[in-house]
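In: Whatever this is, show me its structure:
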Amino acid sequence: VAFRGEALDIEQRYLFDNESKAELRLGWLPDDAKAAKDREAAEFSWASKAGQPTLYSLSASYADDQNYDDDVAGLVSIEDDDFPALRANISHRAEDYSAQAKLYSYTVANDTTALSARPYQELPRLGVQTQRFYGAANIDIDAELVRFDRDVTGLSGDAAVLGSRASSSVTAALPARRSWGFAEVRLGADVVTYQLNRSAGDVRSESPSAFAPRASLDLGLNIARDYGLRTHRIEPRIKYLKAGYDSGQTEQPNFDTGSIGFSFTQLFSEQRFSGGDRIGDTEQVALGVSNKLLRNEDGSERIRVDFGQLFYLADRRVNLIDTVDTAKRSPLVSEARIALGENFSGNAETTLRSDMGIDSGALGLKYRNSDDQLATIRARFSDDTVTTYEASALYGINERWRIGGGFAFSRPLDRTQRFAWGFEYESCCWRASLVQSYDQPDTSTTGGTHAVTLQVQLIGLGMIGRKAITNLEDNIEDFKPRPLRF
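Out: Here you go, the predicted model:
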């Protein structure tokens, strides 16, 4: 390794008789000349044969510190540099139900991370889903049990809460669909309950729970007119949703819950949060219209324009922080996509405030001829101003050579946030990628990080280095690595 010393990497792959496969990678850099210490890392994965009713997988990684991947760039590639993870998954799919069992744990490579900022281990996460049909009606049931754990030494309040969460969701739906439109009535309920361990002095309940019923009515029309080569479709949609409020949520922790990004599709969702710690209360009406121009020859969309808005009939008392949302309507959401010939396309996404100013948005132009010939330019907006410029391109010179790169420039900071460029070469027996990259996060005040990474694969034998391809994936939109061949 340049300027650091000699490193040893070992890779072992094994294909079992039942077609499951395992991979082990070990990395060792004795007496790093820059870090003045030995450097070690390890990575193991095992997965059962795909396409079976029951699937198994196991992955584990370890690194002596959070900078190993960047400093050494060997065979071992750590997914989370700060917290190398142990993950185990078992899933089973039957005709009328599916079930999963997952485990997530980790070691700490970056011990400077505050205890309150470290993720929760899931020991374990169990889930089951089923759907039953009764004529035109159907019932969906989703249940989950998770135990959350982490080091809380010296913490207090919400940061020190540990425990188990059981949640379930039941929804009965009666849809009716015709060529001219659809109607769907949905009735359901969400419930969550906890068994917690709180810090000394925290007098809140150790077994809070919440129950919230919900009901919705979803109506839509399909209005179409055929113009010979093209068909124009207008699809107006309206959905009324009422979800109940349970004051017990004020004492619930937040282990894994966040807000779901706002989009046209999200207008018609019945959930405001990801994760299981919050049940969103609301009474609202969603209005939206989709305009589509279809090519009759193959049914492809040549133009699509969607816009819609939420109108709230009641305040939302459940939020991630202890506030009440009193807004009477959401931002106006619009999304547009247009095919400019066979290879070019344009797209735009905006959320507009009540004064019609841009809350957030993006405007882009894409070219795609194949997986080896593509390009994108995009501008991102926030609060009526451009915040980021992005561009990327990939060009396949021939079957052996590809060259590409991409960058992002922050206008408020007046500096490059990231870039990478490089090339790939492949012959019958080996493949190589050489990439130069730069990265400077928005929060950085000490300058960015430059790197030159080399990745070499001896086809059928093994691979040295992995960061080169990762840097191209992070900077070139729609980039797809060529399949690995062993």
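
In: Tell me the first helix or strand C-terminal of the helix or strand bottoming out on mean pLDDT in the chain.
Out: For the chain, counting by mean pLDDT, DSSP states H and E, strand 462-464 ranks last in confidence among helices and strands (a mean of 69). Remark: after strand 462-464, the chain's next helix or strand is helix 467-475, criterion DSSP states H and E.

In: CA atoms only: put stretch 476-485 into PDB for me.
Out: The C-alpha trace of stretch 476-485 is given here as PDB (Å, rounded to 0.1, in the frame of the first residue of the first chain):
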ATOM      1  CA  ILE A 476     -22.400   8.300 -12.100                       C
ATOM      2  CA  GLU A 477     -26.100   8.000 -12.200                       C
ATOM      3  CA  ASP A 478     -27.500   4.700 -13.400                       C
ATOM      4  CA  PHE A 479     -24.000   3.200 -13.400                       C
ATOM      5  CA  LYS A 480     -24.000  -0.600 -13.400                       C
ATOM      6  CA  PRO A 481     -20.900  -2.500 -12.700                       C
ATOM      7  CA  ARG A 482     -20.100  -5.300 -15.200                       C
ATOM      8  CA  PRO A 483     -21.000  -8.700 -13.700                       C
ATOM      9  CA  LEU A 484     -18.200 -10.300 -11.700                       C
ATOM     10  CA  ARG A 485     -17.000 -13.500 -13.200                       C
END
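
In: Can you point out the buried residues in it?
Out: Residues of stretch 476-485 classed as buried by neighbour count (16 or more other CB atoms under 10 Å): 476, 477, 479. The way it works is simple: take the backbone N, C-alpha and C, and place the C-beta from them, glycine included.

In: Now do the same contact list for the spatially closest residue to the second one that is not a sequence neighbour.
Out: Among residues not flanking residue 477 along the chain, residue 376 sits closest, at 4.4 Å (CB to CB, 6 or more residues apart in numbering). Residues in contact with residue 376 (CB atoms under 8 Å, 6 or more residues apart in numbering) are 364, 365, 366, 367, 390, 391, 392, 393, 406, 477, 478.

In: Now the element after the strand or helix carrying residue 376, going C-ward?
Out: Assigned by DSSP H and E, residue 376 falls within strand 373-382. Next along the chain after strand 373-382, taking DSSP H and E as the criterion, comes strand 385-396.

In: between that following strand and helix 467-475, how many degrees?
Out: Counting by axes from the mean of the first three to the mean of the last three CA atoms, to 10 degrees, strand 385-396 lies at 130 degrees to helix 467-475.

In: partners of the following helix or strand past strand 385-396, with directions?
Out: Next helix or strand after strand 385-396 toward the C-terminus (DSSP H and E): strand 401-410. Partners of strand 401-410 in the sheet, by DSSP bridges, are strand 385-396 (antiparallel), strand 415-426 (antiparallel).

In: Name the residues of strand 401-410 that come out as buried.
Out: 402, 404, 405, 406, 407, 408, 409, 410.

In: hmm, back to that, I'd like the strands paired with strand 401-410 as CSV, with mean pLDDT appended.
Out: Below are those laid out as CSV (pLDDT from 0 to 100):
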stretch, mean pLDDT
strand 385-396, 95
strand 415-426, 92
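
In: I'd like the ones you listed laid out as TSV, including distance to residue 267.
Out: Listed next are the strands paired with strand 401-410 as TSV, based on distance: least, CB to CB, whole Å:
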stretch	distance to residue 267
strand 385-396	24
strand 415-426	31
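
In: Of all those, which one comes closest to residue 254?
Out: Closest approach to residue 254 among these (CB to CB): strand 385-396, 28.2 Å.

In: What lies in contact with that closest one?
Out: With CB under 8 Å, 6+ apart, strand 385-396 has contacts from 370, 372-381, 402-412, 417, 475-477, 479.

In: Counting neighbours, which bits of that strand end up buried?
Out: Applying 16+ other CB under 10 Å to strand 385-396 flags 387, 388, 389, 390, 391, 392, 393, 394, 396 as buried.

In: pLDDT below threshold where in the stretch 101-250 of the chain?
Out: Within the stretch 101-250 of the chain, no stretch has pLDDT under 70.

In: Which residues does stretch 265-275 contact?
Out: 186, 188, 214, 216, 218, 237, 239, 241, 243, 254-260, 278-280, 282, 286, 288, 308-310, 316, 320, 330, 333.

In: what comes up buried for that stretch?
Out: Buried, per 16+ other CB under 10 Å, within stretch 265-275: 266, 267, 268, 270, 272, 273, 275.

In: again, but for stretch 356-374
Out: 358, 359, 360, 361, 362, 363, 364, 365, 366, 368, 372, 374.

In: next one: stretch 249-261
Out: In stretch 249-261, counting by 16+ other CB under 10 Å, buried: 249, 251, 252, 253, 255, 256.

In: do stretch 311-319 as well
Out: Within stretch 311-319, the residues that count as buried by 16+ other CB under 10 Å are 312, 316, 317, 318, 319.

In: Also stretch 283-296?
Out: For stretch 283-296, by 16+ other CB under 10 Å, it's 283, 284, 286, 288, 290, 292, 293, 294.

In: In stretch 75-89, which residues are buried?
Out: 75-78, 81-89.

In: quick one: which of the residues you listed is nearest to residue 196?
Out: Nearest to residue 196 among the buried residues of stretch 75-89, with distances taken as CB to CB, is residue 83, at 23.2 Å.

In: Now that that closest one has come up, it's in contact with residue 119, right?
Out: Yes. Counting by CB atoms under 8 Å, residue 119 is a contact partner of residue 83 at 6.3 Å.

In: which residues do these two both contact?
Out: Contacts common to residue 83 and residue 119, judged by CB under 8 Å, 6+ apart, are residue 106.

In: circling back to that earlier point, adding distance to residue 16, write the buried residues of strand 385-396 out as JSON lines.
Out: Putting the buried residues of strand 385-396 into JSON lines (distance: CB to CB, whole Å) gives the following:
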{"residue": "387", "distance to residue 16": "50"}
{"residue": "388", "distance to residue 16": "47"}
{"residue": "389", "distance to residue 16": "49"}
{"residue": "390", "distance to residue 16": "44"}
{"residue": "391", "distance to residue 16": "45"}
{"residue": "392", "distance to residue 16": "40"}
{"residue": "393", "distance to residue 16": "42"}
{"residue": "394", "distance to residue 16": "36"}
{"residue": "396", "distance to residue 16": "36"}
